[in-house]
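Visitor: When you get a sec, could you give me coordinates for this:
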Amino acid sequence: MSAKGIKSAEKRLKPGRIHAVLTTLGREIAQEIIPAGAVLPPENELEARFGVGRGVVREAIKMLSGKGLVSVRPRHGTHVLPRRDWSLLDRDVLNWLVGEDQLDRELLLAIQEVRSIIEPAAAALAATRATRQDRQRINAALMAMEASDNQAAATAADKAFHLAILDATHNPVLQGFRGAIDTILSAVFVVAVDSVAGWFEDNIPNHAAVARAIDDGDANKARKAMERVLGLTHSQLSKKSVGAVRRNARPNGSRILRQA
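Guide: Numbering: from 1, shown residues only. Got it, this is the predicted structure:
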């Protein structure tokens, strides 16, 4: 291969290499393998560890810094920052935090608090702003929830329901939370669907009430119904000691007809 061809190939590979370094270091920081206050190894050691060039290492560190995980100070090294400084609504950061076998119960409950602030208000807005197409998406997701017979289908349908409501607000700032909400829902559903018997089935009528209220244009009912959706999940997670999670479990008999 010519020098030009080698350079072109390296350029195509660079984003993947940056992502690999970023993801590995991000997970190690999130899981406290590299604890807060620690100094990351020098660039040359990271280059050797990952088999990459200095530019890749520097770009990965720059991205970690942008997410609030590290602080880069000339001649003082790269220091890991405490969790309070992290961008916890960043999709990558959330994935690193919840991508462990042992999920952090306190973090999940904190996530539920964030949902309780955002989603009831979003449901109320959706009730006043949803278009016909928005309502069709919401109801299609509800029907998919009712028909689901395994965890993957249940999670996908439930996420589609909540994200469709977020989109139906037609608020660009709220819609900017899509990535974070998507990741948050994945984390919560993995635990709730797998660990809490009957949670998924028991909560479908509450989801149906949200959909009906949005169909009727009733903001107050939509808000209250979404509060019930989130309240049930929060109460179940509060009772449950979250341990290792099996990611291939199925909800028990999740086929439930929508309530009139």
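
Visitor: Which parts of the stretch 1-150 of the chain are helices?
Guide: Applying DSSP state H, counting those that start in this stretch to the stretch 1-150 of the chain gives helices spanning 3-30, 43-50, 54-66, 91-98, 105-129, 132-147.

Visitor: could you pull out the helices for the stretch 151-260 of the chain?
Guide: Using DSSP H, counting those that start in this stretch, helices in the stretch 151-260 of the chain cover 151-168, 172-175, 178-195, 199-216, 219-239.

Visitor: Which strands or helices does the shortest one pack on?
Guide: So that's helix 172-175. In terms of contacts (3 or more C-beta pairs under 8 Å, 6 or more residues apart in numbering; DSSP states H and E), helix 172-175 is packed against helix 105-129, helix 151-168. (C-beta placed from N, C-alpha, C; glycine too.)

Visitor: In JSON lines: those helices, plus mean neighbour count and mean pLDDT.
Guide: Putting these into JSON lines (neighbours: other C-beta atoms under 10 Å; pLDDT from 0 to 100) gives the following:
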{"stretch": "helix 105-129", "mean neighbour count": "19", "mean pLDDT": "90"}
{"stretch": "helix 151-168", "mean neighbour count": "21", "mean pLDDT": "92"}
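
Visitor: Out of those, which is closest to A208?
Guide: helix 151-168 (10.1 Å; C-beta to C-beta).

Visitor: need the helix or strand of this structure with the lowest average pLDDT.
Guide: helix 178-195 (a mean of 73; mean pLDDT, DSSP states H and E).

Visitor: Any idea which residue is closest to the centre of this protein?
Guide: Geometric centre of the chain, nearest residue: T183, 1.1 Å, by C-alpha atoms, centre = their mean.

Visitor: Spatially, which residue comes closest to that residue, not counting chain neighbours?
Guide: L94 (4.2 Å; C-beta to C-beta, 6 or more residues apart in numbering).

Visitor: Next, the contact list for that neighbour, please.
Guide: By C-beta atoms under 8 Å, 6 or more residues apart in numbering, the residues touching L94 are L88, A180, T183, I184, A187.

Visitor: With G77 as the reference, measure out to it.
Guide: For L94, the distance to G77 equals 27 Å [C-beta to C-beta, to the nearest Å].

Visitor: hmm, back to that, what's the residue nearest to the centre of the chain in contact with, if anything?
Guide: Contacts of T183 by C-beta under 8 Å, 6+ apart are R91, L94, N95, V98.

Visitor: residues near V98, how many?
Guide: Look at V98: counted by other C-beta atoms under 10 Å, it has 21 neighbours.

Visitor: wouldn't it be in contact with A187 here?
Guide: Yes. Counting by C-beta atoms under 8 Å, V98 does reach A187; the two are 3.7 Å apart.

Visitor: list residues touching both of these two?
Guide: Taking C-beta under 8 Å, 6+ apart as the contact rule, V98 and A187 both touch L108.

Visitor: so how many other residues sit close to D149?
Guide: D149 has 12 neighbours, counted by other C-beta under 10 Å.

Visitor: List phi and psi for it.
Guide: Per-residue torsions, D149: phi -130, psi 20 (degrees, to the nearest 10).

Visitor: before we move on, the earlier item: looking at the contacts of L94, which has the most residues close by?
Guide: Neighbour-wise, the contacts of L94 (other C-beta under 10 Å) top out at I184, 25 neighbours.

Visitor: circling back to that earlier point, do you know which of the helices and strands packed on helix 172-175 lies nearest V229?
Guide: Closest of the helices and strands packed on helix 172-175 to V229 is helix 105-129, at 7.9 Å (criterion: C-beta to C-beta).

Visitor: Mind giving me the packing neighbours of that closest one?
Guide: helix 91-98, helix 151-168, helix 172-175, helix 178-195, helix 199-216, helix 219-239.
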